[in-house]
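1. sequence-free structure coming up:
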């Protein structure tokens, strides 16, 4: 269980770093964003482990990644229109 939790946390941190790298204007690299990824992945992994059972990484890892991506998307700011010159 400890190794799975560590894997989920690392996966969530990687998702947060990837999101801030791909969308730097909409999702700045802040402690909130970098903390949301691992927490969301841990939550998604725990829910998936509860539903599918232990020893099913082919099911729990994608669910953890989807939950992390979904919760990170809630932090994205809308695009601001550029002022006309």
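-> On my side now, so go ahead. Model, not experiment: these values are computed from the prediction. Numbers count the residues shown, from 1 in each chain.
2. what strand or helix carries the residue positioned nearest the centre of the chain?
-> Per Cα atoms, centre = their mean, the C-alpha nearest to the average position across the chain is that of residue 68, at 2.6 Å. Counting by DSSP states H and E, the element that carries residue 68 is helix 57-73.
3. chain center to that helix: distance?
-> Remark: helix 57-73 is offset 7 Å from the chain centroid, using Cα atoms, centre = their mean, to the nearest Å.
4. residue 39 contacts residue 12, doesn't it?
-> Yes. Judged on Cβ atoms under 8 Å, residue 39 makes contact with residue 12 at a distance of 7.0 Å. Quick note: C-beta positions are derived from backbone N, CA and C, even for glycine.
5. neighbour count: those two, which is higher?
-> Under the criterion of other Cβ atoms under 10 Å, the comparison of residue 39 against residue 12 puts residue 12 first, with 29 against 16.
6. what number of residues lie near the closest residue to that one other than its chain neighbours?
-> What sits nearest to residue 12 in space, not counting adjacent residues and going by Cβ to Cβ, 6 or more residues apart in numbering, is residue 41, at 2.8 Å. Residues near residue 41, counting by other Cβ under 10 Å, number 31.
7. what do you get for residue 79?
-> For residue 79, the count of nearby residues is 9 (other Cβ under 10 Å).
8. and what of residue 1?
-> By other Cβ under 10 Å, 8 other residues sit near residue 1.
9. roughly how far apart are it and residue 60?
-> 11 Å (Cβ to Cβ, to the nearest Å).
10. what of residue 15?
-> Distance check for residue 15 against residue 60: by Cβ to Cβ, it reads 15 Å.
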